[in-house]
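> Quick one: sequence plus predicted model below, questions after.
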Amino acid sequence: MRAIQITEFGGPEVLRATELPDPVPNPGEVLVDVTRSGINYADTHQAENSYLSPATLPLVPGMEIAGLTPDGHRVVALTNSGGYAERATAAPGMSFEIPDEVSDDDALALVVQGATAWVLLSKTARMDPGESVVVHAAAGGVGTLAVQLAKRFGAGRVIAVAGSERKRDLARELGADAVVDSAAPDMTEALIEANGGRRVDIVLDMVGGRVTDESVRALAPFGRLAFYGMASRELPSPVQPANLMRFSTTVGGMWLPHTWLLPGEVMGTAMAELFSLVAGGHLRPVLGETYPLAEAYRAHEALRSRGTIGKLTLDPRA
């Protein structure tokens, strides 16, 4: 089969097309003929071995696939690796059957980014109706869905942060009540101004660095910042516990694999609701560019430049 393999860690240049044997499913797993491979910002960290879970070489990257099982079912699945290939294995507990009304591309936009937005709002930040919600990287895979879900869940005001007028226009189209330029010299001041002079209740942050520091300072009493990525590759300042008490603020983190450790079928519940919203026309996955498999490196270059909009995918058949 054709696949992308990494034999040394590094930037987009380490993603190389090659021929490999088909993967062999472990007991209970199924072999999936991949129609689309999802691309996630975490993949860029996996390629340079800076992700939360260490990688080993050689490696076929990619943690999201959509395709056909041997019995003809359309599924979207999460994998530890191996997604950038014509065939990949999937475990039943990590696979979700795709409804007829939902495309493979839409399903890939939901299985990580959609579920991440759902969990951030419902579990990490525990948004209450009427609260203000800031969405950083609002034109990205998580951001475009988080803007819509926050409105759907009853947010009083959604503030979208994005780096270009085109991206900010998209956020408005998706339901954002206000927009902020990600290059604002003082993010604290910009967020408070966008919220009508009031401090904000919730911030969804995957940027890191000064953006995180200044977003924390924009939180109202009992405000929550949910941290789920570090696109800037810059560490924010250490959290001072005394300041959390002084301002009654909460800073929390979220990594999607931990949803499988929660009681109940949290991931299954999230996916069922997301599929239903898309099928009913109430949630719009924003789809970005689809790249031929051999050009996976171009997708990583685009992601790292932070110039992309929506969900990026690979076509293993192209």
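Ah, there it is.
> Going by C-alpha atoms from here, please, whenever you check contacts or count neighbours.
OK.
> Could you pull out the helices in the stretch 201-318 of the chain for me?
Using DSSP state H, counting those that start in this stretch, the helices of the stretch 201-318 of the chain run over 209-216, 241-247, 266-279, 296-305.
> Format these as CSV; extra columns: distance to residue 224.
CSV is the format used below for these (distance: least, CA to CA, whole Å):
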stretch, distance to residue 224
helix 209-216, 8
helix 241-247, 10
helix 266-279, 21
helix 296-305, 27
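> what's the distance between the most centrally placed residue in the chain and residue 64?
The centroid of the chain falls nearest to residue 113 when counting by CA atoms, centre = their mean (3.3 Å). To residue 64, residue 113 is 11 Å away according to CA to CA, to the nearest Å.
> So for stretch 197-212, what gets flagged as buried?
Residues of stretch 197-212 classed as buried: 199-212 (neighbour count, 16 or more other CA atoms under 10 Å).
> neighbours around the residue lying closest to residue 20 once chain neighbours are set aside, how many?
Computed as CA to CA, 6 or more residues apart in numbering, the closest residue to residue 20 that is not its neighbour in sequence is residue 1, at 5.4 Å. Residues near residue 1, counting by other CA atoms under 10 Å, number 12.
> Number the residues from 56 up from this point.
Taking 56 as the first residue, the last one we looked at is residue 56.
> now residue 56: how far from residue 352?
19 Å.
> again with residue 257
Residue 257 is 35 Å from residue 352, by CA to CA.
> Residue 281 now?
Distance of residue 281 to residue 352, given as CA to CA: 30 Å.
> which of those two has more neighbours?
Between residue 281 and residue 352, counted using other CA under 10 Å, residue 281 has the larger neighbour count: 23 against 20.
> what are the bridge partners for that one, then?
Residue 281 has these beta-bridge partners by DSSP bridges: residue 259, residue 307.
> Contact partners for it?
175, 179, 180, 257, 258, 259, 260, 306, 307, 308, 309 (CA atoms under 8 Å, 6 or more residues apart in numbering).
> Identify the residues contacting the last one.
Contacts here follow CA under 8 Å, 6+ apart; on that basis residue 309 touches 175, 179, 281, 282, 283.
> Select from these the one having the most neighbours.
That'd be residue 175 among those, by other CA under 10 Å, with 27 neighbours.
> Correct me if wrong: that residue contacts residue 258.
No: using CA atoms under 8 Å, residue 175 is not in contact with residue 258, being 9.8 Å away.
> tell me which element residue 162 falls in.
helix 159-164 (DSSP states H and E).
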